[in-house]
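In: here is my input; please provide its structure:
(2 chains)
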Amino acid sequence: MQLITENFVVEEAVDQHYEVLKELGDCHASLGNHDRARHCYEEAAMLAPEKSGPAVGLGVVDIQTGRLDAAEQAFRRALRVEPDCAEAYGGLAMVYQHRRDYPKAFDTYLACLDKDADNLVALLGLFQTSCQMGSFAKVIHYLTVYLDRHPGDVSVLFCLATLYARDGRYREAVEALETILVLESDNAEAAGLLGDVRRKQAETAPEVMSP
Amino acid sequence: MSGDDHTTTGPLVSVLVTTFNRRRYLREALAGLLGQTYGRFEAIVVNDGGEPVADVVEHFADPRLTLIERRENRGKAASLNEALARASGTYVAYLDDDDRYYPHHLARLVETLEGDTDCGAAYSDLYTVRCRILPDGRRQVRGKVVSVSRDFDRFFLCCSGHALHMSLMHRRDLLQRTGPYNQRLSMLIGWDMVRRLAFYTDLEHVRDVTGECYAPAGEPDRTWRAGQLDRQAFLAETRLIRTTRPPKPWPRMPDLSVIALPDRIDDLAADRIRRLYAVTFMPFEVYLPAAPSDVARLGIDMPNLVPVPAAGGVSVEARVDAALDRLGGDYVAVVPHGVPMTLLWVEDALHAAVGDPTGRTAFTLTGHSEVRPAFVVGAGQLRRARAGRGERRLLDSLRGVGAEVREPRPGEWALGFERVFQAAESLEEEGNWVQAAALYNQIHPRFGNTRWMRERAAAALYRAGGRDDEALDIVGDLNRGRPTVSTLILEARLHRRCDRLNDAVGLLERARSILNAEGLPCN
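Out: Got it, this is the predicted structure:
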């Protein structure tokens, strides 16, 4: 047997202070305590300048407070520290979306999902952006990939159903909405959309069937 | 700093502080010492040939501080011995020049040793502080982890040590029996002393964090580094420590006499005896019954090797009887050729024998057979068995006095805690978090280390997901008692996962205050 000489891996301690500050920043940001969050992120960045997390956190706070230029700078700073940081791409896309620069937002959300296909914020952002732009194919692909890994995620399933409906793919929309209602029988939004889709399906079906 | 607000009654504690070229941190270490709530101490600071520190010590203008300035660097053990020569306290405590005590450090240890205990020594828990040294010399704290918090286990202590020297306090009079610090050692000096203390007393574990020892982030542990740099020197010092036999009687330490019974006295036998020294960690002597000329020819220069004159070609029984006449250990290991020399080769059977309520059982070693018996048994029991038995076979004579001969059972093995703990860690590595947590929860009622195991259980349940309430029950209870940075972070994450963000913020703020605190207790 190999003998234990220490209770804990002391290396765990190396990032502890950073993690406390980063998590405090995240909590304060979620609670709307923006100044406190900013202060925590700035302290965390001083402790661990090699990490992108604090810059991403600052960017999110800047978006929450409407400071889009500062947010863009923060996310770009995060990408300089960590070029593959999915959260930074997601944040940058959000900035573009707020500026109504949908094509840029769309591409940047895609860049985020290339780094992290599970990034829910980017998925939902991509969905919203695509609704504005009317281009659904790529989004449907990413939502489908995500749902293969998280089949019970009702919010993403609803986005997918919406896109199918807008794209005229009613049969697939109905399937997705029925799945939602199996999982959540009282989901009013899904039930409402299902009614709409079935009506449209009924309107379009005779034309399709006519010789 | 005056001691007006501090305890001025109670036994005197001698605090030994050795320093070498760390003036800046020495000032902080002494400030922490002089801020103790227990004021009845004398501090003997030994400058081991480093840059002068008289102004640092004089700055405090405290009569409890004595400075020994030495020009030449003679090493830590020599410094400690020099300080001990001046010490007059009932108890001795230690402080390294780059570490620090929390204000209750001395008070907690004195209270423990003066309380309801028959232990002559006690040790507390410490934070290992990972820090980055800034260009101006200040230390930027990266994290604080309780890196050693283990209940006293004599076998484990002899194997690899589990009490940090800085956290130790012991009766000064015990040093008359242990002897001074070993100046032949260049590393592991503290472990050597703690180990020698364990020959005469149990050590009380004070489950409270009472100080901090600093370790620069990214740098390996000093002992580990020394071991890597010069493996042979490290092994030689480890062997020196393990073969040190302080004066008897040893009221607390089992003494093992190994009777080596090689088939032939040749190079192979010599190699096996050398191997025995490499893997045995409990105190032992080796008795080698053989013709003196054969032993001389072997040329083994090992400490604690006792040649027992015996004619060549005599039976195993005759050789054992010859050794029995000489040996002075409490327990005897009969070791014929073929017993594998691996870690714990003899300690499991010894542990079982020490814990045997009957005192009569012979516990077999790996490689034992009826024709080639290999076992550990109480020396008295073996003497009774052999008295007047002549050539009667060893096992028959043992059974003749009612001895049971059997393997040690798992529950009787040495280092039982380590073995089960490692099994739980393996479960974690495989991602079996819930089973790991269950095992951690089973360990502490039997083996102690309760706080540590409960923390591990809570962390495993957190990782498992879906068991947050159970994890919260455990870690919340720990934090109501003695919070540490790690347990506060864990509880905060659990609250965060349940969207109780205000609770998480409160806990993280407490963790942050411990990380930012300098020289303050954590609870």
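
In: what stretches of chain A score poorly on pLDDT?
Out: A:1-13, A:205-211 (pLDDT under 70).

In: in it, which residue is most central in space?
Out: Centroid-nearest residue in chain A, with C-alpha atoms, centre = their mean: A:V121, separated by 1.1 Å.

In: roughly how far apart are that one and B:V295?
Out: 78 Å (C-beta to C-beta, to the nearest Å). The C-beta positions use only the backbone N, C-alpha and C, and glycine is treated the same way.

In: same check on B:L175?
Out: Going from B:L175 to B:V295 by C-beta to C-beta gives 36 Å.

In: quick one, helices of chain A?
Out: A:16-31, A:34-47, A:53-64, A:68-81, A:86-98, A:102-115, A:120-133, A:137-149, A:154-166, A:170-183, A:188-209 (DSSP state H).

In: mind checking which of the ones you listed is nearest B:L343?
Out: Nearest of the helices of chain A to B:L343, taken as C-beta to C-beta: helix A:16-31 at 33.2 Å.

In: can you check which of the helices of chain A gets nearest to chain B?
Out: helix A:16-31 (3.0 Å; C-beta to the nearest C-beta).

In: and the closest one, what's buried?
Out: Neighbour-count burial for helix A:16-31, counted by 16 or more other C-beta atoms under 10 Å in any protein chain shown, picks out A:16-30.

In: helix or strand: which one has B:A511?
Out: For B:A511, the host element (DSSP states H and E) is helix B:501-516.

In: that older thread, now the helices of chain A in a markdown table, with distance to chain B?
Out: What follows is these, written out as a markdown table (distance: least, C-beta to the nearest C-beta, whole Å):
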| stretch | distance to chain B |
| --- | --- |
| helix A:16-31 | 3 |
| helix A:34-47 | 7 |
| helix A:53-64 | 14 |
| helix A:68-81 | 18 |
| helix A:86-98 | 17 |
| helix A:102-115 | 23 |
| helix A:120-133 | 16 |
| helix A:137-149 | 16 |
| helix A:154-166 | 16 |
| helix A:170-183 | 18 |
| helix A:188-209 | 22 |
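
In: those helices: which one's closest to B:P373?
Out: Closest to B:P373 of these, according to C-beta to C-beta: helix A:16-31, at 54.0 Å.

In: okay, and the helix or strand of chain B with the least pLDDT?
Out: Ranking every helix and strand in chain B by mean pLDDT, DSSP states H and E puts helix B:222-229 at the bottom, with a mean of 68.

In: near B:D153, how many other residues are there?
Out: Residues near B:D153, counting by other C-beta atoms under 10 Å in any protein chain shown, number 21.

In: next, give phi and psi for it.
Out: phi -140, psi 110 (degrees, to the nearest 10).

In: list the contacts for it?
Out: B:162, B:415, B:417 (C-beta atoms under 8 Å, 6 or more residues apart in numbering or on different chains).

In: quick check, pLDDT for the second one.
Out: When you say that, I think you mean B:L415. pLDDT for B:L415: 95.

In: so it touches B:C159, yeah?
Out: Yes. Because the distance of 6.9 Å satisfies C-beta atoms under 8 Å, B:L415 is recorded as touching B:C159.

In: which of the two has more neighbours?
Out: More crowded of B:L415 and B:C159, by other C-beta under 10 Å: B:L415, with 24 against 21.

In: next up, phi/psi of that one, please.
Out: Main-chain torsions, B:L415, degrees, to the nearest 10: phi 50, psi 40.

In: any figure for the gap between it and B:S149?
Out: For B:L415, the distance to B:S149 - C-beta to C-beta - is 17 Å.

In: how many neighbours does B:D263 have?
Out: Per other C-beta under 10 Å, the neighbour tally for B:D263 reads 12.

In: and it, its phi and psi?
Out: Residue torsions, per degrees, to the nearest 10, at B:D263 are phi -60, psi -40.

In: wouldn't B:P336 be in contact with B:S315 here?
Out: No. B:P336 is beyond contact range of B:S315, at 11.9 Å (criterion: C-beta under 8 Å).

In: what sits against the closest residue to B:L256 other than its chain neighbours?
Out: With C-beta to C-beta, 6 or more residues apart in numbering or on different chains as the measure, B:F284 is the residue that lies nearest to B:L256, at 4.3 Å, once sequence neighbours are left out. Residues in contact with B:F284 (C-beta under 8 Å, 6+ apart) are B:255-258, B:304, B:329, B:333, B:346.

In: write the PyMOL selection for whichever of these are buried.
Out: Buried residues among the contacts of B:F284 (16+ other C-beta under 10 Å), as a PyMOL selection:
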select buried, chain B and resi 255+256+257+258+304+329+333+346
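
In: between the contacts of B:F284, which is closest to chain A?
Out: B:V346 (14.7 Å).

In: the closest one and B:V376 touch, don't they?
Out: Yes. In this structure B:V346 lies within contact range of B:V376 using C-beta under 8 Å: 6.4 Å.

In: so for the two, which residues contact both of them?
Out: B:256, B:333, B:365.

In: is it true that B:R207 touches B:A122?
Out: No. Contact criterion C-beta under 8 Å: B:R207 and B:A122 do not qualify, at 10.9 Å.

In: between those two, which has more neighbouring residues?
Out: Set side by side, B:R207 and B:A122 show more neighbours around B:A122, with 28 against 18, by other C-beta under 10 Å.

In: helix, strand or coil: sort out that one for me.
Out: Secondary structure, DSSP: H, G, I helix; E, B strand; the rest coil: B:A122 is strand.

In: that one against B:D202, yeah?
Out: No. Between B:A122 and B:D202 there is no contact under C-beta under 8 Å: 9.6 Å.

In: for B:R100, state which of the shared contacts of B:V346 and B:V376 is nearest.
Out: Distances from B:R100 to the shared contacts of B:V346 and B:V376, taken as C-beta to C-beta, are shortest for B:L256 (40.2 Å).

In: neighbours around B:S315, how many?
Out: The number of residues near B:S315, taken as other C-beta under 10 Å, comes to 13.

In: quick one: pLDDT of the closest residue in space to it that isn't next to it in sequence?
Out: Sequence neighbours aside, B:E391 is the residue nearest to B:S315 in space, at 6.2 Å (criterion: C-beta to C-beta, 6+ apart). Per-residue pLDDT puts B:E391 at 80.

In: quick one, what contacts residue 118?
Out: No chain in the question, so chain A it is. A:D118 neighbours (C-beta under 8 Å, 6+ apart): A:146, A:149-150.

In: chain B, not that one
Out: So B:D118 contacts B:201-202 (C-beta under 8 Å, 6+ apart).
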